[in-house]
Structure formats: C-alpha cells, structure tokens
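Enquirer: Next input, structure requested:
(one chain, ligands or ions: 1)
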Amino acid sequence: MITENNKSCAVVGSGVAGLGAAIRMRNRGYKVTIFESNSFPGGKMSSETNKGYRFDYGPSVFTLPMIVDDLFVISGKNPRDYFNYSHLDPVFRFFFEDGTVLDSPHGRKAYAKYMASKTSDSEETILKFLERTETIYNLTGELFMMNSLHKAKNYFKKSVAKGIFNFGKIGAFDTMHSANEKAFTDKKLIQMFDRYATYNGSSPYVVPATLNVIPYVEIDLGAFYPEGGMHSITTSLVKLAEEIGITIKLSTPVKEIVVENKKATGIKSKDGFEKFDIVISNADVYNTYQHLMPEAKKPKKVLSQPKSSSGIVFYWGIKKEFKELEIHNLFYGSNYFEEFDAIVNKQTIYEDPTVYINITSKLTPTDAPAGCENWFTFVNVPYNSGQDWDKLVNEMRENIIKKLNRILKTDIRPLIECEMVMDPRVIEQRTSSAFGAIYGNASNSMFAAFFRHPNFSKDIKNLYFCGGSVHPGPGIPMCLLSAQIATGLIED
Ligand SMILES: Cc1cc2nc3c(=O)[nH]c(=O)nc-3n(C[C@H](O)[C@H](O)[C@H](O)COP(=O)(O)OP(=O)(O)OC[C@H]3O[C@@H](n4cnc5c(N)ncnc54)[C@H](O)[C@@H]3O)c2cc1C
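Expert: The predicted model follows:
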C-alpha cells in the first residue's frame, strides 16, 4: 500500500534505469510520470520482430537477477508472478580458429576442473584466480556499485573504506590483460578472461584489472535466461509500473528540463510545461546537458571523457538449426590485441572480428519459425566519430560471414532469410546515446569510475541522473543500481 506524499517526479526515459527509478519513487509516495521519446518502452532493452523471428534488441547476458526482483519486492509483489528465469549451464560456448570448442560451466569448481582439462593451466591456478575475482567483488561492491562516489560522507563508511585501503588488491594498478597474463600461461584462457572488458565497452589492454570482478559475477554467481528473452524484464517492469500507478507517456520526447534559480522545476514536452518537484534523467547524460538544458553549466571534464565502444548487430533469421550452437556463442578473432587497437586507437573495424551470436530460440522456440533460429550477431566497433558506416557495415558483414563459414564449415549466406541491422548511428538515433557509444564513457583508466557523472547535479537542485552513462555504469544490474543510488539521494 503506497502512502501518497503529494509530491511529483518526472523521469526522462524508460530505459531499465528509468523504470527502476520510477518504481522506487512511486513506492515512496511520489506521483510519477515517465516521458519516453519512442513509441515503445525499454530503450536498449527492447524487442523487434521480422518475418516470424523475434529478437532482443540489445542486452542478452543477464546477471544478478535479484536486483530486478527487488523492484517487485519493494512494491509488495512476488517477482515470480511477473517474470521467471533459469540458470544457464554452460553459460557460453567458445569457438576458436584452430577448431577448439570450449564451454564455460557455471560455478567456480566446475569451471576450474573443466578448463584445467582443456587448457595448459592447472585447476589450482584457475581456482586461485577465481578466488581473487571474488575478493575484488567483496572489496569493490560497496565502493563502486552501491554508493555514490561523489558524496564525501560515503567514504567514511567502513565497507567503503575497506575498498579504498585495498586499492592494490582490487587490481587498480594493473591492466586486465597484464593481470590475466600474470595469472595464466594458456593463451585461450587469457583471451577468455580478457573478453570481460568488452562488457562495458572497454579494451582489456587498458582497462584496470578491477574489472576482473565481472567473471566472478558471471561464472560464480551465474548467468540467467529470463523466460521469453531479455525483453520480458522490460515488459514485466512496465506492467508493475502501471499497476502501482505510474504514468508512462510514450512518443513524448522531453524538449527541455526547465531550470529556474538553479532548481529543476519541470519538463517541457509536446504537452507543454508540466511542473515537477523532482526530475530524474535516464537519458544519456551528455545529451541531457547538450539538448535538454543547453544553458546549464556543464561538467566539462566528465562530458569530454573518451566514449566506450559501440556495436554492429545483424539480426538474422536463419532457416536452419545448428545443433552445435548454444544460447550464447563466441567466435574468437585470432589477434585480440590488433582487434582492440583497431577499435580503440584507429577507430575502425577489424577484419577478423570476435563475433558473438545469441540465439534465444534455443530456449524460447517461438522466437523463430520451426526448424529455424534467430541469430543476434554482434561485433564490437568504435563509437561514431563520423566514419563511413555504410561502407564499414558492408565490410563487417562480409568479415563475419567469412569467419562463421570457416569455423562452422558451412555457407551461412543462403541461410539468411531476413536481416535487420544496428550500427552506432542507429543506436544513437534510437536511444539518444551520445556518439552511439553503448556504455557511456569508456572505463579505460584507473580513475574512469570517478569521471562518470554523479547520480545528482552539483549545481541544479532537484535534478538527478540514472542509467548506463552515469555512475556506477552500464549493464542491466548497474543501471538498476544507478536508479537505487539516485533515488536514495533524494530527501522527501
Ligand atoms: C547491442 C547491445 C548489447 C548489450 N548487451 C548487454 C548484455 O548482454 N548485458 C547487459 O547487462 N547489458 C548489455 N547492454 C547494455 C544495456 O543494454 C544498457 O546498459 C542498458 O539497457 C541501458 O539502460 P538505461 O537505463 O541507461 O537506458 P537506455 O536503454 O539507454 O534508454 C534510455 C531511454 O531514454 C529515452 N530518451 C532519451 N532522451 C529522451 C528525451 N529527451 N525524452 C524522452 N525520452 C528520452 C530513450 O528513447 C531511451 O528509451 C547491451 C546494449 C546493447 C545496445
């Protein structure tokens, strides 16, 4: 039962963080309105269908489901009445050019045992490494994920101080690749652990080894599959939001966040000016300053940080079933260093890319016609800095097809019966992500976490931020935590 507090809150954007923030504010008694530019909710976590194939538009790997569950719990609902998920085991299937195929079993012990039997590193070495990833999680969780980094009082919390005084132990002074190279001798194992840098759009050759927290989350805590695909998280949160009385205005782009006397006072949209006590922007922070409050003082240092990588996705309807593929498949490029050099330094695509294919029809057969599969085929590419994307997309399509044909020993070209394409221009246009970067600022330095925009405005009262472009960062769990931190900073 919600106790009304007679105050109002506007949320700009219905990405997962916007939905999370709205649900939290409504539970505190605010009258909440979400404004969304698109005719559909969810931002990157949306869905598309094409000729009988359904595709999750963006995210596909789902971890830390309890953070989603929490929104139902605080609303007095049973999350299982809204959405369900199952544990994946194996989580991933990896394909290498030399014909090696490796799985990624769930659980530290199973993973170490399996990998030791397939690589040149011992079970003990792998276990020791995975133990270190857990230590990083325990030391960094409170510091980087649960609290604002931009409120001095948080640094006096015991749990946060623990993270700060153990900066060495969390790998802050090493890069991910160099830490992985020190831990393992097996080149494939190093490459498999290096890949986790891409989870927030960074390069393993520059990102701090602190991001080795990600394998702990995926391997130990596990990856999950939401029944019906990732989009079911969005639809279940929208259902909850509507049930508890949140208004969602679709096809209603916010034109301006109105600021008077250094205080956010409301929103301007096609419906005119509406007054609100609190405004939370789930829109990309760069574009929030650039387009929604162009007169406001800008946090120049934060906004000028290098951007994360983007992606090209081919959503392919494939008229065949591939028994050798799992739900999550990765086809490794043969030279990871050159691939990241191309993406990060040369700002272009790489001719032998690492290709990720997500096939939800493996677990939700209705996502593809009988005997067929829905391939979400993704490669990392640079953010949009004016490259000739029409040319690069065509080149990449050829590179991917050549690679898959080589490894799968087949010709997939005649099997592609329909296609949709996402590239950095499309993601920019569809979700208003600055420069088409999928993950906001890049995390390519030791201090990158501190240069993400805070969850509040230092200059404008009553204005807050959530989503993948602000603290603590991108990905479904992080975005939901950003909503938790932002709303936690608001005093009733
Ligand atoms: C291809 C791809 C693969 C990914 N893979 C994974 C993965 O496997 N696992 C994972 O956890 N994460 C993954 N991510 C990242 C994850 O999807 C994002 O971090 C997360 O969904 C971002 O959510 P958000 O709350 O920041 O909002 P967004 O999804 O960015 O949505 C912002 C919303 O704000 C709206 N908006 C913007 N400006 C305005 C305005 N002026 N007025 C009204 N509305 C506005 C937009 O239309 C949009 O709906 C992936 C992303 C992509 C694109």
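
Enquirer: Give me the sheet partners of the helix or strand residue 379 falls within and which way each runs.
Expert: Using DSSP states H and E, residue 379 sits in strand 373-381. Partners of strand 373-381 in the sheet, by DSSP bridges, are strand 310-318 (antiparallel), strand 355-358 (antiparallel).

Enquirer: Dump these into JSON lines; add mean pLDDT as well.
Expert: Below are these laid out as JSON lines (pLDDT from 0 to 100):
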{"stretch": "strand 310-318", "mean pLDDT": "98"}
{"stretch": "strand 355-358", "mean pLDDT": "98"}
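
Enquirer: who in the stretch 301-450 of the chain is up against the ligand?
Expert: Proximity of the stretch 301-450 of the chain to the ligand, by CB under 6 Å from any ligand atom, involves residues 311, 313, 378, 427, 431, 432, 433, 438. All C-beta atoms are positioned from the backbone trio N, CA, C, and that covers glycine.

Enquirer: could you redo the last one with a cut-off of 8 Å?
Expert: 311, 313, 358, 378, 422, 427, 430-433, 438-440 (CB under 8 Å from any ligand atom).

Enquirer: Of the residues you listed, which pair is most distant in space?
Expert: Spanning the widest gap among those are 358 and 432, at 24.0 Å by CB to CB.

Enquirer: residues contacting residue 422?
Expert: Contact analysis of residue 422 by CB atoms under 8 Å, 6 or more residues apart in numbering lists 57, 311, 312, 313, 315, 430.

Enquirer: Quick check on the residue in the stretch 301-450 of the chain positioned nearest to the ligand: phi, psi?
Expert: Nearest residue of the stretch 301-450 of the chain to the ligand (CB to the nearest ligand atom) works out as residue 432 at 3.6 Å. Taking degrees, to the nearest 10, you get phi 60, psi 40 for the backbone angles of residue 432.

Enquirer: Now for the contacts of residue 422, which sits with the most neighbours around it?
Expert: Each of these was scored by neighbours using other CB atoms under 10 Å; the highest score is residue 57's, at 25 neighbours.

Enquirer: Please give the number of neighbouring residues around the nearest residue to that residue once chain neighbours are set aside.
Expert: Leaving aside its sequence neighbours, residue 57 sits nearest to residue 46 (CB to CB, 6 or more residues apart in numbering; 4.6 Å). Neighbour count of residue 46, defined by other CB under 10 Å: 22.

Enquirer: looking at it, residue 46 is touching residue 58, isn't it?
Expert: Yes - in this structure residue 46 lies within contact range of residue 58 using CB atoms under 8 Å: 7.2 Å.

Enquirer: quick one: low-confidence parts of the stretch 351-492 of the chain?
Expert: 446 (pLDDT under 70).

Enquirer: ok, which stretches of it are strands?
Expert: 355-358, 373-381, 416-422, 463-465 (DSSP state E, counting those that start in this stretch).

Enquirer: How far off centre is the second one?
Expert: How far strand 373-381 lies from its chain's middle: 15 Å, per CA atoms, centre = their mean, to the nearest Å.

Enquirer: Kindly report the same for the first one.
Expert: If you compare the mean C-alpha spot of strand 355-358 with that of the full chain, they lie 15 Å apart, counting by CA atoms, centre = their mean.

Enquirer: residues contacting residue 42?
Expert: Here residue 42 is in contact with 14, 15, 16, 19, 231, 234, 238 (CB under 8 Å, 6+ apart).

Enquirer: how much space between it and residue 199?
Expert: 20 Å (CB to CB, to the nearest Å).

Enquirer: With residue 301 instead?
Expert: 25 Å.

Enquirer: Repeat that for residue 334.
Expert: With CB to CB as the criterion, residue 334 and residue 199 are 21 Å apart.

Enquirer: who's more crowded, the two?
Expert: Higher neighbour count among residue 334 and residue 199: residue 199, with 20 against 13, using other CB under 10 Å.

Enquirer: What's the separation between the more buried one and the ligand?
Expert: 7 Å (CB to the nearest ligand atom, to the nearest Å).

Enquirer: who are the neighbours in contact with that residue?
Expert: Residue 199 touches 61, 211, 214, 475, counting by CB under 8 Å, 6+ apart.

Enquirer: Ok, residue 433 next?
Expert: Counting by CB under 8 Å, 6+ apart, residue 433 has contacts 44, 284, 287, 427, 440, 469.

Enquirer: Determine the three-state secondary structure at residue 320.
Expert: Counting by DSSP: H, G, I helix; E, B strand; the rest coil, the backbone at residue 320 sits in coil.

Enquirer: Just the buried residues of stretch 104-121, please?
Expert: 104, 105, 106, 107, 108, 111, 112, 114, 115, 116, 119, 121 (16 or more other CB atoms under 10 Å).

Enquirer: hang on, the last one packs against residue 184?
Expert: Yes - distance between residue 121 and residue 184: 4.9 Å, which falls inside the contact criterion (CB under 8 Å).

Enquirer: Figure out the helix or strand that residue 348 lives in.
Expert: For residue 348, there is no helix or strand it lies in under DSSP H and E.

Enquirer: and it, how far is that from residue 385?
Expert: 10 Å.

Enquirer: In terms of neighbours, single out the busier of those two.
Expert: A side-by-side neighbour count of residue 348 and residue 385, using other CB under 10 Å, places residue 348 first with 16 against 11.
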